[in-house]
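> Curious how this folds, go ahead:
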Amino acid sequence: MASPSRRLQTKPVITCLKSVLVIYSFVFWFSGIILLAVGIWGKVSLEVYFSLLNEKATNVPYILIGTSGIVILLGTFGCFATCRGSTWMLKLYAMLLTLIFLVVLVAAIVGFVFRHEIKNSFKANYESAVDEYKWIRDERSRAVDTIQSTLHCCGVSNFTDWEKTEYYKEKGVPLSCCKAGQNCTMEDLKDLDSAKEKVYNKGCFSMVTQTMESKLSIVAGISFGIACFQLVGIFLACCLARSITNNQYEMV
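Just a heads-up that it's a prediction; the model follows:
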């Protein structure tokens, strides 16, 4: 049995660790709210780009939203486990934090490794959407129009890509390629020489990849930051569980 003075020295350590871990769990819970906002923002701002990728890519925002829900629940559980001072709950908390950290780390590595394949997939799908562009708008045609009007671009590599399409033979270059303030007539859009002065000349593929990389880097940065922040929680939860166990052992 440990001396009373030794137990008195252990209690302030436990109290301090509890306070720090409660603060950490609250911050971790709040990071889940941030991740939820990022997932919703990604769904809204990147939806048009995801629609031109494969079906798996369209699930990325939902994965972020789902992960944020887990983080919020885990942060709540961490606060409860810390206040209760339960060693098994604290160990479970540390194990769950470790699991989520590993999942996020693997996802980040996979995304980095296959980033070029994602670009190639988008280019192939965008070329297909341009070739199959329709006067009666379907989802892919609306996505092409949105990208061209928003990013001020036209075609895949440049506006002359439209010359090879069936749509061009009937209607010319789409109106979504028309520069702001320009009065684009059908005669202008059916003649590439005339259209050159009135439509955006730069291709959309390079513009889209730049936009996606800049926005996805924000998502990746926040996700990676939250993942690294989990290491602090793992350390604190393990230290507190060990301190409580030692204190209980000393009281025997």
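> Using PDB, write down the CA coordinates of stretch 178-186.
What follows is stretch 178-186, C-alpha atoms only, in PDB (Å, rounded to 0.1, in the frame of the first residue of the first chain):
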ATOM      1  CA  CYS A 178     -19.800  33.000 -74.600                       C
ATOM      2  CA  LYS A 179     -17.800  35.800 -72.900                       C
ATOM      3  CA  ALA A 180     -19.700  38.100 -70.500                       C
ATOM      4  CA  GLY A 181     -21.000  41.200 -72.400                       C
ATOM      5  CA  GLN A 182     -20.700  39.600 -75.800                       C
ATOM      6  CA  ASN A 183     -23.700  39.200 -78.100                       C
ATOM      7  CA  CYS A 184     -23.100  35.700 -79.400                       C
ATOM      8  CA  THR A 185     -25.400  34.800 -82.300                       C
ATOM      9  CA  MET A 186     -25.900  31.400 -83.700                       C
END
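> which non-adjacent residue is nearest S194?
D188 (4.5 Å; C-beta to C-beta, 6 or more residues apart in numbering). From N, CA and C alone the C-beta is placed, and that goes for glycine too.
> which residues does that neighbour contact?
By C-beta atoms under 8 Å, 6 or more residues apart in numbering, the residues touching D188 are 172, 194-195, 198.
> Which members of those are positioned in strands?
Among the contacts of D188, no member falls in strands (criterion: DSSP state E).
> Can you say which of those residues are buried?
172, 194-195, 198 (16 or more other C-beta atoms under 10 Å).
> Adding distance to A94, write the residues you listed out as CSV.
CSV is the format used below for these (distance: C-beta to C-beta, whole Å):
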residue, distance to A94
G172, 63
S194, 68
A195, 62
K198, 62
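> now, which of these lie within helices?
Among the buried ones among the contacts of D188, the members falling in helices (DSSP state H) are 194-195, 198.
> just the helices in the stretch 51-200 of the chain please.
60-84, 87-113, 115-131, 139-151, 166-171, 186-190, 192-198 (DSSP state H, counting those that start in this stretch).
> okay if I get these as TSV plus mean pLDDT?
Formatted as TSV, these follow (pLDDT from 0 to 100):
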stretch	mean pLDDT
helix 60-84	84
helix 87-113	80
helix 115-131	80
helix 139-151	86
helix 166-171	86
helix 186-190	84
helix 192-198	85
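> mind putting these in a markdown table, distance to K11 included?
Formatted as a markdown table, these follow (distance: least, C-beta to C-beta, whole Å):
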| stretch | distance to K11 |
| --- | --- |
| helix 60-84 | 15 |
| helix 87-113 | 16 |
| helix 115-131 | 51 |
| helix 139-151 | 60 |
| helix 166-171 | 76 |
| helix 186-190 | 79 |
| helix 192-198 | 78 |
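> G233: which of these is closest?
helix 87-113 (5.0 Å; C-beta to C-beta).
> just checking, what packs against that closest one?
helix 60-84, helix 204-251 (3 or more C-beta pairs under 8 Å, 6 or more residues apart in numbering; DSSP states H and E).
> gap between it and the chain center?
Helix 87-113 has its average C-alpha position 17 Å from the chain's average C-alpha position, going by C-alpha atoms, centre = their mean, to the nearest Å.
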